[in-house]
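J.: take this sequence and fold it.
(chains A and B)
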Number of protein chains: 2
Amino acid sequence: MTDLIASLRQIVGDAHVLTDGDLTAYEQDWRRRVHGKALAVVRPANTAQVAAVVKACAANGTSIVPQGGNTGLVVGSTPDTSGQQVVLNLGRMQAIRAIDKDNLTVTVEAGCILQTLQERCESQGYLFPLSLAAEGSCTIGGNLGTNAGGTQVVRYGNTRELCLGLEVVNAQGEVWEGLKGLRKDNTGYDLRNLFIGSEGTLGVITAATMKIYPMPASQLTAWAALPSFDAAVRLLALAHQYLGAGLTGFEVMNRFALTLVDKHMPQLRVPFIDNPAFPYAVVLENSDSESEEHARSRFEALMEAAFEQEIVLDAVVAENLAQAHTLWHIRESIPLAQVEEGLNIKHDISVPISRIPEFVEHATQVLNDKVPGMRLVNFGHLGDGNLHFNVQAPEGVDAKQFLDEREHEVNHIVYDAVAAFGGSISAEHGIGTLKVDTLPQYQSPVALSMMRAVKAALDPQNIMNPHAMITRG
Amino acid sequence: MTDLIASLRQIVGDAHVLTDGDLTAYEQDWRRRVHGKALAVVRPANTAQVAAVVKACAANGTSIVPQGGNTGLVVGSTPDTSGQQVVLNLGRMQAIRAIDKDNLTVTVEAGCILQTLQERCESQGYLFPLSLAAEGSCTIGGNLGTNAGGTQVVRYGNTRELCLGLEVVNAQGEVWEGLKGLRKDNTGYDLRNLFIGSEGTLGVITAATMKIYPMPASQLTAWAALPSFDAAVRLLALAHQYLGAGLTGFEVMNRFALTLVDKHMPQLRVPFIDNPAFPYAVVLENSDSESEEHARSRFEALMEAAFEQEIVLDAVVAENLAQAHTLWHIRESIPLAQVEEGLNIKHDISVPISRIPEFVEHATQVLNDKVPGMRLVNFGHLGDGNLHFNVQAPEGVDAKQFLDEREHEVNHIVYDAVAAFGGSISAEHGIGTLKVDTLPQYQSPVALSMMRAVKAALDPQNIMNPHAMITRG
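T.: Sure, this is the predicted structure:
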């Protein structure tokens, strides 16, 4: 092992092989569920160093945990407790290599912070639309490794759909230079999409060519209070019809989620919260290539139709950017409001949009039966069929104790309901090590066996993030 | 072999195992370059039969060529001449299983004709946007197997981007039921995209869940005559800015392509053809979720800006649907006009949009130097960086003889130029058997070795379309 560490020091320099001191930021996951112990944290400066690190580890049979901002929610980027895994942190590879305006692409290294990338593109007049809660600290490499979702997926797709090319160091330490910024390229199997979302289990993404868009002339935000969950699905269909590709955000929140925000962040002023009639609210965003006036007139036409069909109880369109930010801020404060209320049991699920109302009704009923008094924080990206369907302890019950006693049972109640409605137990967070034992219970056995074959083919030594996503059959 | 044929007859019924008579439609490719000989053509009625056929062939070590409409341009869906391969034609599996309006998806069997699918969706008020020349006879399974492109990719992406789920029979004859119509699903490797574009070399796609869109309120078409190729790239950037996601088509055509249409289909009246100043023209389509008036006003704003910047010489916006169809018909008649003029050497290439003007200049110059008098038919989907860059024999030279003598050389001139500009030698047609020997010369060796590993992992017997796309290393 000391030989390996010496080799690693030679490759990336002494200062970038961390073995002592407080390595919590690298060894502990974002939600502080697991604290591992690394053999070393290695921070390469460039792709050649990544390749050399992988080769050295492979020669030594040492496994590697690739790591970006380490903000994932499924414990997929931290080492186990053996002290035998190398954490390969991409944080020093931050360069934005090129913005190609005519090609509408940006080529960026894996360790670039998402928000930095957004801001750099915006400063040139372009939109990089990936947007999610951790954007201030997550990296584009981590976004790609986990196929991150977020709030703009209804229009722009997941990270996968934004990527045109990758540079990858494979499990043999070879560099695949696949950074072509092409919108059409049918020259073999789709390795790009195989690596995207593979959670570092097949290789290390070191850089990517991503799509960018001309900045819309206007982005308007609206908030609507709704009489039912079904009304939210009706409103979504109407929004697709009236706004077309202008619909860039459609988030749903149940009343309990909003009462938590109202309780813990009263300064945020949740719209219509005093109107006891609404069980759900949505935030909508309309991006327009023409003008704010036009965006506003389309929103008004949409809302008029929605009022006429009685699927909206009340609505407000933000008058200015500050108001828009406030509305989004309320939506984005739900996770923190949950924390204030006490730990809860989180689910990141998706269901075909047409079946969501029925799913919510069914799952809620089963939960009420089995876990009397449980309180449901139901919110998320309805435009993508993706809900964060979180179960909070009954009023007055200790949150920690509730989790310890009921988490496993509650997970299975929710996942069984998801499966019954043709959904996914991980819509956007991935599998990591947290759901690695759950996955085989809900994924098709045929799919699993093909995944294992792919893993064995591309990483025959099983050194790439071996405890995450998929275990050897 | 007679045992296998007996088994196949038992599985699909005697009438659907073809061994005698004229099997040209199944054994010869679309462009009539290759005429193979099948052991049998098998036409299963459902997924269970496909699985049983694959199992029977696998048990016998007999290789399978999956086939849809057999309209591909790279000889990827016809048998070799050995008389030992089974053609698995999906033509009887045509059902449109479900249209889910709230989920904006359609679930369809592989053998459904693309145009049938378009029409069925349209009759329900929805757009299925995949559109290409062969749509009257190609199948959605073939579109998926080859990741077909076409004319709407600039907005809706390739077939890949339109697919949310697959049902697949793998090389072991197992059925992967992956038809979930989910927009977010991070539960393992992206098998869906691995099968899409794999040209039947990993398994057989039997059904798919595809995205649909609310029918736009208006689709307007415009035609512009341009002073240069560079102006086309400038106009594309302007169109992205003015139309946003409204830009659903952007096709470029060089003057020679249009003179061929004018010569062989004079009734089509190519706009501005008598104006000798324009070397290029483009067709643009603007889809609007609001109204025709709005679509027209956006087109006018775009064209005004374009005239001001002197990147458009002349332009016309279709006044009605008939005029729009006529403009598109001119564009779509280029392939036939080429046939009338005589066979030529075809290329389906892509280059980053920012580098296309330089690529065209460079490649044209090298071709002029090496093949004096050659005539270039340059047209295609500029919005995706995809050109059909076809080389016609010099005036008066016999086309057949020109092909026989120069095709290999011309291909390499063009492909070397494509490689020098970071492009792809197959943008939308795929590799098939036609380019299987060319691919390794232009694809990354690291990528090729990973592709071969995937192929060996998922099809260890090498029975799935073994001569197409990728050969064992």
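J.: and for A:Leu23, the neighbour number?
T.: Neighbourhood size, A:Leu23 [other Cβ atoms under 10 Å in any protein chain shown]: 18. Any C-beta I mention is one placed from the backbone N, CA and C, and that applies to glycine too.
J.: and stretch A:141-150 with chain B, contact?
T.: Yes: applying Cβ under 8 Å from any Cβ of the partner chain, one finds stretch A:141-150 in contact with chain B at A:Thr146, A:Asn147, A:Gly149.
J.: my read: the first one touches A:Thr201, true?
T.: What it means is A:Thr146. No: in this structure, A:Thr146 is not within contact of A:Thr201 by Cβ atoms under 8 Å, at 11.2 Å.
J.: tell me how many other residues crowd A:Glu319.
T.: By other Cβ under 10 Å, neighbour count at A:Glu319 equals 10.
J.: kindly report the residues of the stretch 201-350 of chain A close to chain B.
T.: A:202, A:213-214, A:216, A:233, A:236-237, A:240-246, A:287-290, A:298, A:350.
J.: now the strands for the stretch 101-250 of chain A?
T.: A:105-109, A:126-127, A:163-170, A:175-178, A:203-211, A:213-214, A:218-226, A:247-254 (DSSP state E, counting those that start in this stretch).
J.: can you give me the strands in the stretch 251-400 of chain A?
T.: Secondary structure of the stretch 251-400 of chain A (DSSP E, counting those that start in this stretch): strands at A:280-288, A:314-317, A:344-345, A:348-350, A:375-381, A:386-392.
J.: show me the contacts for A:Gly13.
T.: A:Gly13 is in contact with A:Ala45, counting by Cβ atoms under 8 Å, 6 or more residues apart in numbering or on different chains.
J.: stretch A:386-396 near chain B at all?
T.: Yes: contact between stretch A:386-396 and chain B, assessed by Cβ under 8 Å from any Cβ, occurs at A:Asn386.
J.: follow-up on the earlier one: pick the most deeply packed of the strands of the stretch 101-250 of chain A.
T.: Of all the strands of the stretch 101-250 of chain A, strand A:203-211 has the most neighbours on average by mean count of other Cβ atoms under 10 Å in any protein chain shown, namely a mean of 27.
J.: tell me where the stretch 351-473 of chain A is predicted with low confidence.
T.: A:473 (pLDDT under 70).
J.: please repeat the previous calculation with a cut-off of 90.
T.: Filtered on pLDDT under 90, the stretch 351-473 of chain A yields the residue ranges A:471-473.
J.: and if you look at the stretch 1-150 of chain A?
T.: For the stretch 1-150 of chain A, residues meeting the criterion pLDDT under 90 lie at A:1-2, A:31.
J.: how about the residues of it near chain B?
T.: So the stretch 1-150 of chain A meets chain B at A:Asp100, A:Lys101, A:Asp102, A:Asn103, A:Leu104, A:Thr105, A:Thr146, A:Asn147, A:Gly149 (Cβ under 8 Å from any Cβ).
J.: for ChimeraX, what selects the buried ones among those?
T.: Typed into ChimeraX, the line below selects the buried ones among these, using 16 or more other Cβ atoms under 10 Å in any protein chain shown:
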select /A:100,102,103,104,105,146,147,149
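J.: okay, the residues of the stretch 1-150 of chain A next to chain B in JSON lines with distance to B:Val366 next?
T.: Shown next, in JSON lines, are the residues of the stretch 1-150 of chain A next to chain B (distance: Cβ to Cβ, whole Å):
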{"residue": "A:Asp100", "distance to B:Val366": "24"}
{"residue": "A:Lys101", "distance to B:Val366": "27"}
{"residue": "A:Asp102", "distance to B:Val366": "23"}
{"residue": "A:Asn103", "distance to B:Val366": "23"}
{"residue": "A:Leu104", "distance to B:Val366": "28"}
{"residue": "A:Thr105", "distance to B:Val366": "26"}
{"residue": "A:Thr146", "distance to B:Val366": "44"}
{"residue": "A:Asn147", "distance to B:Val366": "41"}
{"residue": "A:Gly149", "distance to B:Val366": "45"}
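J.: ok but A:Gln461 is inside a helix, no?
T.: No: counting by DSSP: H, G, I helix; E, B strand; the rest coil, A:Gln461 is not part of a helix but coil.
J.: what's the burial count for A:Leu336?
T.: A:Leu336: 14 neighbours (other Cβ under 10 Å).
J.: same question but for A:Ala295, I mixed them up
T.: Per other Cβ under 10 Å, the neighbour tally for A:Ala295 reads 23.
J.: A:Glu409 too?
T.: Neighbours of A:Glu409 under the rule other Cβ under 10 Å: 12.
J.: what do you get for A:Ala277?
T.: A:Ala277 has 11 nearby residues by other Cβ under 10 Å.
J.: surely it and A:Ser228 touch.
T.: No: with contacts counted by Cβ under 8 Å, A:Ala277 stays clear of A:Ser228, the gap being 10.6 Å.
J.: on that earlier part again, please identify the deepest-packed of the strands of the stretch 251-400 of chain A.
T.: Comparing the strands of the stretch 251-400 of chain A on average neighbours per residue, with mean count of other Cβ under 10 Å, the densest one is strand A:348-350 at a mean of 28.
J.: how distant is it from the center of its chain?
T.: Its chain's average C-alpha position is 11 Å from that of strand A:348-350, according to Cα atoms, centre = their mean, to the nearest Å.
J.: ok, stretch A:126-141 next?
T.: In terms of Cα atoms, centre = their mean, the centre of stretch A:126-141 is found 10 Å from the chain centre.
J.: same thing with stretch A:363-382?
T.: That offset, for stretch A:363-382, works out to 22 Å (Cα atoms, centre = their mean).
J.: and stretch A:205-216, by the same measure?
T.: On the basis of Cα atoms, centre = their mean, stretch A:205-216 sits 17 Å off its chain's mean C-alpha point.
J.: pull it out as CSV, backbone CA atoms only.
T.: The C-alpha coordinates for stretch A:205-216 follow below in CSV (Å, rounded to 0.1, in the frame of the first residue of the first chain):
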residue,chain,number,x,y,z
ILE,A,205,-15.8,11.1,-16.5
THR,A,206,-13.1,13.8,-16.8
ALA,A,207,-14.8,16.3,-19.2
ALA,A,208,-17.9,16.8,-21.2
THR,A,209,-19.3,18.8,-24.1
MET,A,210,-22.8,20.1,-23.1
LYS,A,211,-25.6,21.8,-24.9
ILE,A,212,-26.2,25.5,-24.2
TYR,A,213,-29.2,27.6,-25.4
PRO,A,214,-29.6,31.3,-26.3
MET,A,215,-30.8,33.0,-23.2
PRO,A,216,-34.6,33.4,-23.3
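J.: pLDDT of that stretch, averaged?
T.: Mean per-residue pLDDT for stretch A:205-216: 97.
J.: doesn't A:His294 make contact with A:Gly246?
T.: No: the pair A:Gly246 / A:His294 is not scored as a contact, 9.3 Å apart, by Cβ under 8 Å.
J.: tell me, what's touching the two both at once?
T.: In contact with both A:Gly246 and A:His294: A:Asp288, using Cβ under 8 Å, 6+ apart.
J.: so which of the two has more stuff around it?
T.: Neighbour totals were compared for A:Gly246 and A:His294, and A:Gly246 leads with 29 against 20 (other Cβ under 10 Å).
J.: gap between the more buried one and A:Leu302?
T.: For A:Gly246, the distance to A:Leu302 (Cβ to Cβ, to the nearest Å) stands at 10 Å.
J.: cool, A:Pro44 as well?
T.: Distance check for A:Pro44 against A:Leu302: by Cβ to Cβ, it reads 49 Å.
J.: counting neighbours, what do you get for A:Gly422?
T.: Other residues close to A:Gly422 by other Cβ under 10 Å number 18.
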